[in-house]
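[1] What follows is a protein structure lacking sequence information:
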């Protein structure tokens, strides 16, 4: 086997410097070890020299790797072309470039490593190091550009407009809103959405805007590619055997995964901020007390000075709790009893069949339950009610509640199953030993011991029921009515959010903003229930662990 | 004389055993009730939707006269595309009933043919201009009302005024049937078309592609990020305040109602970033935020189940932390992570509410072309059809539900299979 020869003569740093390279001054363990080795060194990376057998095999390996790295970018590219999105293509080109640069970095590392002295990191890391230098700066630049491009273009276009367009007939500058309107119109002209008889200044401005876009587009391509190539060149020039690329790549990796887990916080923050921000705008129109304690909900007729009086959300809360209550009345007995039967009585074979079947109930999409409630259960209840002489609405709370109950059965049963199985055997055996029957043991010993966990599970299921949307949208009513009669139609918080937001509405009216206030209430309510439930469940689990 | 304890116990024993049997009965009843409801659900869907896969078709011999299609004989594409094929089809139908002369009556007769017949004929002629001047045998779906009639969904015994079809129309249709021109075939439109105003032409392909694009975006974002977050929390994170906050956050996000994610998407992605409405990109972003906690939790469980000895062995022979994780721990945890991801994707596929918020509920008659074109997804399509008053749309909806459930069953089976196949006991 041939030794890889150094092809680039490069002044070598003495070994002392090499060892002192690590931050804490300790010599690297592996290098210290390798320096003790006497005689001619084996190549650190024999597989690399194997690749030198023939130009053909090297070419095949190279194209295979490039192919691997290009499959994903290429598929994105196809989507990008179809969506006519230049930026996506640019990203793909950069990623493709990075794939090539990765190979170059590896090759370079093998060339500078001469076989008498080991590389600090494996060539893979040198390749990754170069690829990262290719990708990260250019994508960061692209991101910044995408964020600021609209503002820059807008500023330039508005600056190009003659004063006569930007000031009113009285010579006063127009308000910000009017200027926004003019700018939107320029955009519409550019997109060909506006009749050709718009003022010449606007036509000119739109042509200018088009030119700017084109320029910006080309500029971005040039700048991104230049940055990518520059970063690569710099990284390639830095590659020496002692360069600690592994540490550098690993710190980038660490930063990436830290960012990914931080995304959870960011999401929560996004939810809270967007809900709170929009709700505050809503509460500028409607007072908080009117909203939380008002008894009248009719946003469709909300106009005039007493707009505040049309946004009393109590009927919605009542409807939500009525339907969720019915759901719990259905789900808790069924879920709890099936959990008890499964864990205490059932033959393992029965359990192996029945448990997954019950879990199927949790996997069915809610829109299917909505269909079932609206088109199968509601008419059934209605005709049953007619036979009994009851007046059951075709959008009764009962139908929606019962179907929702079926949906949350698996939540109750699987959580209860967990806590019931967690009750120590000794408690059961003690009770049975005293002569209690099995059901007495369950009722007097197991259930009380498992009660906190069961309550936690029921709370989780209740928060599911409150936040559930599709079943109630399809099966419950639209009109807000304050009633406790399950045969009447009631509406819920989620139904109203959907009703207020589906369709085209202006973003600023109290009608639309009310949806965010309702969302905030829903979020807080479910959050509190979840926290309490998780606390209770965890507290209980610790008891017997 | 006081009885001894054995007697007291024995006296109550019968009652206690009865209570025991009752309790057992409650348990089995509860399970059976849940299973019966599940069964009813499936039976309802299948019984309503199975017929949608079959279309009632009408076979007509349509003479493609050159005078109508291409009077100048140029065979130019624009001429062929703009020709009045509807007239040809309707003439062929009229030829079956020469006695119908009244204009209003004729219009009623023409209601039998769906608009789809016109498109079919145009497609045929455009593909093969040599057909001009010959007689083409055209088999196309009939209009939805007659489709319902053929499938026995129309109650003929009702008074005429309550029906969508009058007695004459039913008579014509029966005549066509007697002449053997009406047949049943697989409903092609259901699989190749997007939504339409005509039930017989409406299909799920557009919604299916929308779902596909949305899920691709979801997968591309949530899988790498979820795995990375799980790796950080399991392998790297120090025990401190920040880690605790992240963990509590993830657990809470998993239980936030899905509609709240829709509000987030509306306010942030549409309102703040100005992304296009109804686009699979936005849907995918919202759904990936929603599935992220599921994937993170599943991935953490999978990482936890890899025994520490693997890590210690790798570290012991000099692998770095990242090498240990990427070369040894992650590959061993991958089956578990994949299972969790598939389950998360299945949930995302069935999700409706947040997508209503970001405008994917619009009527879209085109198949989406990419992640930025307006589209809808399968569950939202079901919701749209459930809202329409026509019986034929309800049938389509049930068919769409069957298809959606089929996909979910496939995905969940894959997850179970993956778990069985690669599950390792250490």
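    Here it is on my side, so go on. These figures come from a predicted structure and were not determined experimentally. Residues are numbered from 1 along each chain as shown, chains lettered A, B, ... in the order given.

[2] touching chain B at all, whichever helix or strand residue A:96 is part of?
    Element membership for residue A:96, per DSSP states H and E: helix A:86-112. No: using C-beta under 8 Å from any C-beta of the partner chain, helix A:86-112 stays clear of chain B, coming no nearer than 8.8 Å. Just so you know, the C-beta spots here come from the backbone N, C-alpha and C atoms, and that holds for glycine as well.

[3] need the strands for chain B, in chain order.
    Assigned by DSSP state E, chain B shows strands spanning B:54-63, B:135-141, B:182-186.

[4] Deepest-packed of those, please.
    strand B:54-63 (a mean of 20; mean count of other C-beta atoms under 10 Å in any protein chain shown).

[5] Can you spell out the domain ranges of the chain, please?
    Let's take chain A. A:40-243, A:299-544 (automatic domain parsing).

[6] um, chain B though
    B:5-50, B:52-186, B:205-422.

[7] biggest helix in chain A, by residue count?
    helix A:245-285 (DSSP state H).

[8] any idea which helix or strand comes after that one?
    helix A:288-293.

[9] so what's residue B:325 up against?
    B:231, B:235 (C-beta atoms under 8 Å, 6 or more residues apart in numbering or on different chains).

[10] could you point out where chain B is predicted with low confidence?
    B:1-2, B:426 (pLDDT under 70).

[11] Residue of it closest to chain A, please.
    residue B:257 (2.5 Å; C-beta to the nearest C-beta).

[12] The closest residue to residue B:49 other than its chain neighbours and residue A:376, how far apart?
    Spatially, and ignoring its direct neighbours in sequence, residue B:49 is nearest to residue B:398 (2.8 Å; C-beta to C-beta, 6 or more residues apart in numbering or on different chains). Plainly put, residue B:398 is 11 Å away from residue A:376 if you go by C-beta to C-beta, to the nearest Å.

[13] Neighbour count: the two, which is higher?
    residue B:398 (25 against 18; other C-beta atoms under 10 Å in any protein chain shown).

[14] wait, isn't the more buried one in contact with residue B:42?
    No: if you go by C-beta atoms under 8 Å, residue B:398 and residue B:42 don't touch, sitting 11.2 Å apart.

[15] quick revisit: so does the longest helix of chain A get close to chain B?
    Yes: using C-beta under 8 Å from any C-beta, we find that helix A:245-285 touches chain B at A:246, A:249-250, A:253-254, A:256-258, A:260-265, A:267-268, A:270-271, A:274-275, A:277-278.

[16] distance between that helix and the chain's centre?
    Distance of helix A:245-285 from its chain centroid, counting by C-alpha atoms, centre = their mean, to the nearest Å, is 10 Å.

[17] Could you do stretch B:291-311 as well?
    31 Å.

[18] which of the residues in it are buried?
    Judged by neighbour count (16 or more other C-beta atoms under 10 Å in any protein chain shown), stretch B:291-311 contains these buried residues: B:291-303, B:306, B:311.

[19] Those: which ones sit near chain A?
    B:292-293, B:296.

[20] thinking again about what came up before, the residue nearest to the residue of chain B closest to chain A when sequence neighbours are not counted - how many residues pack around it?
    Nearest residue to residue B:257, sequence neighbours excluded (C-beta to C-beta, 6+ apart): residue A:467, at 2.5 Å. When counting by other C-beta under 10 Å, one arrives at 23 neighbours for residue A:467.

[21] Residue A:467 contacts residue A:529, doesn't it?
    No: contact criterion C-beta under 8 Å: residue A:467 and residue A:529 do not qualify, at 9.5 Å.

[22] My guess is residue A:480 contacts residue A:297. True?
    Yes: if you go by C-beta under 8 Å, residue A:480 and residue A:297 touch, sitting 3.8 Å apart.

[23] which ones are touching residue B:219?
    B:341, B:345.

[24] Alongside chain A, which residues does the stretch 151-300 of chain B contribute?
    Checking the stretch 151-300 of chain B against chain A by C-beta under 8 Å from any C-beta, the hits are B:213, B:224-226, B:228-233, B:236-237, B:245-246, B:249-253, B:255-261, B:263-264, B:266-268, B:271, B:289, B:292-293, B:296.

[25] show me the contacts for the residue in chain A that chain B sits nearest to.
    Nearest residue of chain A to chain B: residue A:467, at 2.5 Å (C-beta to the nearest C-beta). By C-beta under 8 Å, 6+ apart, the contact set of residue A:467 is A:494, A:522, A:526, B:256-260.

[26] Need the max-distance pair from those.
    A:494 and B:256 (12.7 Å; C-beta to C-beta).

[27] For the stretch 301-426 of chain B, which residues are neighbours of chain A?
    Neighbours of chain A within the stretch 301-426 of chain B, by C-beta under 8 Å from any C-beta: B:318, B:320-322, B:346-347, B:349-353, B:356-357, B:361, B:369-373, B:379-380, B:382-383, B:386, B:394, B:397-398, B:401, B:404-405, B:408, B:412.

[28] Just the buried ones among those residues, please.
    Here, 16+ other C-beta under 10 Å leaves B:320, B:322, B:346-347, B:349-353, B:356-357, B:361, B:369-373, B:379-380, B:382-383, B:386, B:394, B:397-398, B:401, B:404-405, B:408, B:412 buried among these.

[29] sorry, back to before: between the longest helix of chain A and helix A:86-112, how many degrees?
    160 degrees (axes from the mean of the first three to the mean of the last three C-alpha atoms, to 10 degrees).

[30] Check which helices and strands helix A:245-285 is in contact with.
    helix A:123-160, helix A:510-544, helix B:205-231, helix B:241-253, helix B:258-264, helix B:280-304, helix B:321-323 (3 or more C-beta pairs under 8 Å, 6 or more residues apart in numbering or on different chains; DSSP states H and E).

[31] Pipe the ones you listed into TSV and attach distance to residue B:104 per row.
    Below are these laid out as TSV (distance: least, C-beta to C-beta, whole Å):
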stretch	distance to residue B:104
helix A:123-160	58
helix A:510-544	45
helix B:205-231	36
helix B:241-253	62
helix B:258-264	48
helix B:280-304	46
helix B:321-323	79
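
[32] Just say helix, strand or coil for the closest residue to residue A:488 other than its chain neighbours.
    Spatial nearest neighbour of residue A:488, excluding adjacent residues (C-beta to C-beta, 6+ apart): residue A:393 at 5.4 Å. Under DSSP: H, G, I helix; E, B strand; the rest coil, residue A:393 falls in the coil class.
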